[in-house]
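>>> sharing a sequence plus its predicted fold:
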Amino acid sequence: MHLVYPVVIAAMLFSVGVYGVLARRNAILVLMSVELMLNAVNLNLVVFDMRWADRLHGGQVLTLFVIVLAAAEVGLGLALVLLIYRNRRTVDIDRLRALADRDVDPDSDISAIPDDEGVRR
Amino acid sequence: MIVLAAVAILLPFAAAFAGMLFGPTVSHLLTPLARRVRSPRPGTAAGRARVLARRLPANGPALIAVLPVAVSTVITAVVAFEQWRQPRVRTGTLTLVQTGGLPFAVSLDVDGLSAVVALMVCCVALAVQIYSVAYMRDDPRYSSYAAFVSLFTAAMLLVVLSGDLLVLYVGWEVMGVCSYFLIGHYWHDRATSRAAVKAFLMTRIGDVGFLFGIFVLGMAAHSFGIRAVIAHVPAMSHTTLVAGTLLLLCGVAGKSAQFPLHTWLPDAMAGPTPVSALIHAATMVAAGVYVVARLYPAFLFAPASLAVLGIIAAISMLGAALAALAQDDLKRVLAYSTISQLAYMAGGLAVGTRDGAVFHLLSHGAFKALLFLGAGCVIVTVGSSVLSTMGGLRRAMPVTFWSMTIGFAALAGVPPASGFFSKDTILSQAWHAARQQRPRGDFGSFAHSSVGGGTGTQGYTALNNAHRLPVIPESMPGIPSWTGWLVFIAGLVTVAITAAYATRTWLVTFFGEQRSEVAPREAPPLMRWPVAVLAVPALVLGFLGLGSDHLRPEPGMAAVSLLFTAAGAGAVFLVWNNDPALDPVRLLGPVRPVLQAGFHLDNVYDVLVVRPVLALARLVVSTDERVVDAAVEGSGRGARRLGGLLRATENGNPQAYVSGLLAGVVIIVLAVVVLT
């Protein structure tokens, strides 16, 4: 099998993942897009391991690592999404703007700056 | 002696602080005591006495205010008596304060002049304090009022008895601030608080000159002690003396309310009436004249200053008398008459009779305190100080009427009241100065001191009539004759006008038909009796002058001034007699509003000084807002606006951040690919 097929597939998978992360609004879909990108990387690792064929099969070992990490990451990520949903009743990333630099009156003191929960009020 | 004088100063001073801090507390402590006195049957004399006894002890601030001043009065009387028996200068120094430059001494200095003026101050202050107990009875801030009157008295005593110019200046300034507080006692009234600020600012303008005058004289004499300065006067250069005394005159004109700086005094009538009595009779305005008398040798050696003083005095006495003629407010009449009478004293000093000026200061202190306190009785009864609401009070208020009659007689210079004698002394001295005669021996004492030099102490025993030497050194310049003429002519005309306005006020207040709605009745005894008691010195003080040959009236001059008095008083009486219901001043016609506004001098000052200063202030404010503040705020705003551009990217959307990250990575990769 020519090397270019799996590599192109991996690149397409990765591009789909990047698109998902950048463009999707649903936080769960964003997580899934991240998984897509990880899996594209996994595919590359496996393919190049076959090509390299060293004795330790470092590529395959690394793939297993990534799968485990991805599982843990998804668990953490879904927990975050769940908590955000409980707090805000939405998982729409476009509406989660707590990171924004708010327009604060320079004369007021620091206590007047709304905290992260400010959206709820 | 010095200790007694110090106690006399410190007692009212302590009373001021005690009254401020503990006045109401003492009232609380005394109330149960006062309740123990059985409630009296009203009407009987004993009952009335008990009412008095019951009310008085429970009034803590009044006790704290009156008792120390009474003790001070006794002490100053003892000091004055001792000084009269053994006339010599007594000085005492508490401490010498090192300043790095010239040291100044916290010292007292008692001689004939200061002893007798201190006695006068204490007597008037005592009368005012007793009077105030009744006058301010219902005032919730009586405690602080009485305390400030005490402080005022202490400051004036310090000015009178101080042996050092800088210590004198301390008392001088304390008086200024006390006058501000007392004139502004009813500060919730806008006009009153403005009058207080005006009094403070006007006198302050003069005080700047006064302070620098002290510096000039003190530096030239290498000491701020009054005796040392006077002893050095003959050795000082003429320029120094003229500069120093002219600067002192600024302060004198401010405090004594003389021509360019007098406009605060009529407005100061906004304060309580007893305060007016205190300011106009004993303290404040008397301080200016007193300081000139104290430093008189310095002025004698600077005839230019005396000439300026004479011009100021002539303008003040004539102008203020004319203004007094047209006033329709009893207190303002008295205020302008104060300016006019003080100008007599200044005129007396300008023509070389220090004793005559001090004589007039004393008699004026007596009769002006009497007139103001009497005016207070009238105002309390009528409920207004406007003359047109008075009239016909003669029968209802006999004590006030007779006392004020004596006061007006003294003011107008009708013999045998005191004003006649003292005014006559000044006029005859002005006549002698005009004709360049020096017969009255008033210079001798100063000349002696200048010859004596040195410590000046032995030279000054001469001041107390003990060793009056007729030595006049060549170095002492004479008083220019035109000053004498100016003071003399202005003085004579003013005698007539004074008689006219005194008669007019007297007639309009006490004669004719009654114009107030309320039935007039005599003021309460605590207000009535100080007035009646003050009438005694106002009547007989003049005879004390008979004992001294240069204070004795000269028959010719007395006849001339009596003629002028009779002319002024008679003219007003004839006009009034035509129609007693009308004010005689109506004959002034169109001139009256001008006189009533004090020659519109306030408006002139408004145009010349107040408006330019306000415009300048506005300019400074707008510069501050539009240039300085705008630069600071503009740079801040610019920085925020620049920051706002960058902040647009921080919109809180992580996807946008990651997009940026990706774009950056792509660009870097492209750059690496292209560039390598």
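Structure's in. What do you need? Numbers count the residues shown, from 1 in each chain, chains lettered A, B, ... in the order given.
>>> for B:Ala199, which residues are in contact?
B:Ser179, B:Tyr180, B:Ile183, B:Trp264, B:Leu265, B:Asp267, B:Ala268 (Cβ atoms under 8 Å, 6 or more residues apart in numbering or on different chains). C-beta: built from backbone N, CA, C; applies to glycine.
>>> where does it land in three-state SS?
helix (DSSP: H, G, I helix; E, B strand; the rest coil).
>>> about what we covered before: could you single out the nearest of the contacts of B:Ala199 to chain A?
Of all these, chain A sits closest to B:Tyr180, with 37.9 Å by Cβ to the nearest Cβ.
>>> quick check: which element contains the closest one?
Using DSSP states H and E, B:Tyr180 maps to helix B:165-183.
>>> what does the stretch 501-650 of chain B have sitting close to chain A?
Contacts of the stretch 501-650 of chain B with chain A, taken as Cβ under 8 Å from any Cβ of the partner chain, map to B:Gly636, B:Arg640, B:Arg647, B:Glu650.
>>> run through who's touching stretch A:38-52.
A:3, A:6-7, A:9-14, A:17, A:57-60, A:62-63, A:66-67, A:70.
>>> flag the shaky bits of the chain, pLDDT-wise.
Let's take chain A. A:103-121 (pLDDT under 70).
>>> switch to chain B, please.
B:32-59, B:437-477, B:516-517, B:549-550.
>>> again, 50 this time
For chain B, applying pLDDT under 50 flags the ranges B:38, B:40-41, B:439-475.
>>> what residues does it put near chain A?
Checking chain B against chain A by Cβ under 8 Å from any Cβ, the hits are B:Gly636, B:Arg640, B:Arg647, B:Glu650, B:Asn651, B:Gly652, B:Asn653, B:Pro654, B:Gln655, B:Val658, B:Ser659, B:Leu662.
>>> let me see the contact set for the residue lying closest to the fifth one once chain neighbours are set aside.
Of all residues not flanking B:Asn651 in the chain, A:Ala100 sits nearest, at 5.4 Å (Cβ to Cβ, 6 or more residues apart in numbering or on different chains). Applying Cβ under 8 Å, 6+ apart to A:Ala100 gives the contacts B:Glu650, B:Asn651, B:Gly652, B:Asn653.
>>> within range of chain B, give me the residues from chain A.
For chain A, the residues in contact with chain B (Cβ under 8 Å from any Cβ) are A:18, A:21-23, A:93-94, A:96-101, A:106.
>>> for B:Ile108, phi and psi?
Small correction: residue B:108 is Leu, not Ile. Phi and psi for B:Leu108, reported as degrees, to the nearest 10, are phi -110, psi 160.
>>> which residues does it bridge with?
B:Gly92, B:Ser162 (DSSP bridges).
>>> residues in contact with it?
B:Ile2, B:Ala5, B:Ala6, B:Ile9, B:Thr91, B:Gly92, B:Leu94, B:Leu161, B:Ser162, B:Gly163.
>>> can you pick out the most distant pair from those?
B:Ile9 and B:Thr91 (14.7 Å; Cβ to Cβ).
>>> which one of these two has more residues nearby?
Counted by other Cβ atoms under 10 Å in any protein chain shown, B:Ile9 and B:Thr91 do not tie: B:Ile9 has more neighbours, with 25 against 19.
>>> go ahead and confirm the more buried one touches B:Val159.
No. In this structure, B:Ile9 is not within contact of B:Val159 by Cβ atoms under 8 Å, at 9.9 Å.
>>> torsion angles phi and psi at the residue in the stretch 351-500 of chain B that chain A sits nearest to?
In the stretch 351-500 of chain B, the residue that lies nearest chain A is B:Ser385 (51.9 Å; Cβ to the nearest Cβ). Main-chain torsions, B:Ser385, degrees, to the nearest 10: phi -100, psi 10.
>>> how many neighbouring residues does it have?
B:Ser385: 20 neighbours (other Cβ under 10 Å).
>>> how close does it get to B:Phe181?
21 Å (Cβ to Cβ, to the nearest Å).
>>> and if you look at B:Val674?
Per Cβ to Cβ, B:Val674 is found 86 Å from B:Phe181.
>>> go on, A:Asp101?
56 Å.
>>> okay, those two: which has more neighbours?
Between A:Asp101 and B:Phe181, B:Phe181 has the larger neighbour count (other Cβ under 10 Å), namely 20 against 14.
>>> list the contacts of the closest residue to that one other than its chain neighbours.
Distances taken as Cβ to Cβ, 6+ apart place B:Phe148 nearest to B:Phe181, at 5.0 Å, with adjacent residues excluded. The neighbours of B:Phe148, taking Cβ under 8 Å, 6+ apart as the test, are B:Ala16, B:Cys178, B:Phe181, B:Leu182.
>>> next: B:Val242.
Per Cβ under 8 Å, 6+ apart, neighbours of B:Val242: B:Ala302, B:Ala304, B:Ser305.
>>> so who does the second one touch?
Contacts for B:Ala304 (Cβ under 8 Å, 6+ apart) come out as B:Val242, B:Leu246.
>>> check the last one too.
If you count contacts by Cβ under 8 Å, 6+ apart, B:Ser305 has them with B:Leu241, B:Val242, B:Thr245, B:Leu246, B:Leu249, B:Phe299.
>>> just the strands in chain B please.
B:90-97, B:104-110 (DSSP state E).
>>> for B:Ser418, see how far away the closest residue to B:Phe573 other than its chain neighbours is.
Closest residue to B:Phe573 apart from its sequence neighbours, by Cβ to Cβ, 6+ apart: B:Thr503 at 6.0 Å. According to Cβ to Cβ, B:Thr503 and B:Ser418 sit 18 Å apart.
>>> more neighbours: these two, which one.
B:Ser418 (31 against 24).
>>> against B:Ile497, how distant is the more buried one?
To B:Ile497, B:Ser418 is 20 Å away according to Cβ to Cβ.
>>> any idea how far whatever residue of chain A ends up closest to chain B is from B:Gly478?
Residue nearest to chain B within chain A (Cβ to the nearest Cβ): A:Ala100, separated by 2.7 Å. A:Ala100 is 92 Å from B:Gly478, where distance means Cβ to Cβ.
>>> now do A:Val16
Relative to B:Gly478, and taking Cβ to Cβ, A:Val16 is found at 119 Å.
>>> kindly report the same for B:Leu563.
In terms of Cβ to Cβ, B:Leu563 sits 30 Å off from B:Gly478.
>>> what does B:Met236 give?
18 Å.
>>> more neighbours, those two?
Shown here are B:Met236 and B:Gly478; by other Cβ under 10 Å, B:Met236 has more neighbours (19 against 14).
>>> now do the same contact list for the residue nearest to the more buried one when sequence neighbours are not counted.
Ranked by Cβ to Cβ, 6+ apart and with sequence neighbours excluded, the top spatial neighbour of B:Met236 is B:Ala220, at 4.8 Å. Counting by Cβ under 8 Å, 6+ apart, B:Ala220 touches B:His232, B:Met236, B:Ser237, B:Thr240, B:Leu241, B:Gly244.
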